[in-house]
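*Asks:* dropping the sequence and predicted coords here.
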Amino acid sequence: MKVKKIVRPSRIIFLILLLAANTMAWFIYATKVDNNVTVHVKAWNIVLEAGDTTISNTINLDIDSIYPGMEDYEYEVTAYNRSEVGADLSYQILEARILDQTYTTVEGRQNAGDTPLATDLTSAQLETKLLNDYPFSISIDISDNYMELESGEETYTIGVTWPFESNNDALDTEWGIAAAEYKESNPSDASITLRIKIIVTQSSN
């Protein structure tokens, strides 16, 4: 005569919990393994230097005096790419002051968290003005807009030039007098100040 085994409900519950725990542990393990195999975050390491000094991505420049025939002013920032991806290079002029006239760009106000004014110029518009509207010229150049991965190196150059004869005697005279009067009234202030944001982003190329 066979004796029927009685399976207690508590054992059934225990088996269900054990199975569920093992299933969950396998799922977590499989997920971790899958992540370790498929995910790789590429290193991003950009260094900006002016001379031998490491700088931030916002530079502030002061040009003490300007006058016809002044020595050319030049400031260089070198960007180094130590990343596993290529980089795109650009910049924004946030603010410029020419003697007593200050221009804050749309990008400059946005960078500060402010709302741009209707009269604000964009960075590109202000750059055109600084290059063409005065007897002196303020220029910003990049050696290349793309920087190679791992060992790329490119240079930003900010320059101010005012030749002795700019081919516009009236402007030379007007701004020469204005620059001299400003410096006489404000001997401790720079004649030109610039605030420029260096932008380096991961390239899709």
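*Replies:* The structure has been received and is ready for your questions. Here the structure is a predicted model, which means the values were calculated and not measured. Numbering: from 1, shown residues only.

*Asks:* can you name the residues bridging to residue 147?
*Replies:* With DSSP bridges applied, residue 147 shows beta-bridge pairing to residue 87.

*Asks:* so it sits against residue 154, correct?
*Replies:* Yes: contact criterion CB atoms under 8 Å: residue 147 and residue 154 qualify, at 4.9 Å. Yep, even glycine has a C-beta here, placed from its N, CA and C like the rest.

*Asks:* among these two, which residue is more densely surrounded?
*Replies:* Remark: of residue 147 and residue 154, residue 147 carries more neighbours, 22 against 19, as counted by other CB atoms under 10 Å.

*Asks:* tell me how far the more buried one lies from residue 107.
*Replies:* Note on residue 147: its distance to residue 107, by CB to CB, to the nearest Å, is 22 Å.

*Asks:* anything in contact with each of residue 147 and residue 154?
*Replies:* Residues touching both residue 147 and residue 154 (CB atoms under 8 Å, 6 or more residues apart in numbering) are 79, 89.

*Asks:* pretty sure residue 131 is in a helix, no?
*Replies:* Yes: according to DSSP: H, G, I helix; E, B strand; the rest coil, the state of residue 131 is that of a helix.

*Asks:* quick one, what contacts residue 194?
*Replies:* For residue 194, the contact set (CB under 8 Å, 6+ apart) comprises 59, 60, 61, 63, 93, 95, 96, 97, 138, 158.

*Asks:* can you check residue 78 too?
*Replies:* By CB under 8 Å, 6+ apart, residue 78 lies in contact with 48, 49, 50, 153, 154, 155, 156.

*Asks:* PyMOL command for the buried members of those residues?
*Replies:* In PyMOL, this line selects whichever of the contacts of residue 78 come out buried by 16 or more other CB atoms under 10 Å:
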select buried, resi 48+154+156
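
*Asks:* check the offset of the helix or strand in which residue 153 is found from the chain's centre.
*Replies:* Using DSSP states H and E, the element containing residue 153 is strand 152-161. Offset of strand 152-161 from its chain centre (CA atoms, centre = their mean, to the nearest Å): 14 Å.

*Asks:* any regions of the chain where pLDDT drops low?
*Replies:* Low-confidence segments of the chain, defined by pLDDT under 70: 1-42.

*Asks:* helices of that one, residue ranges please.
*Replies:* 9-38, 106-111, 123-132, 169-185 (DSSP state H).
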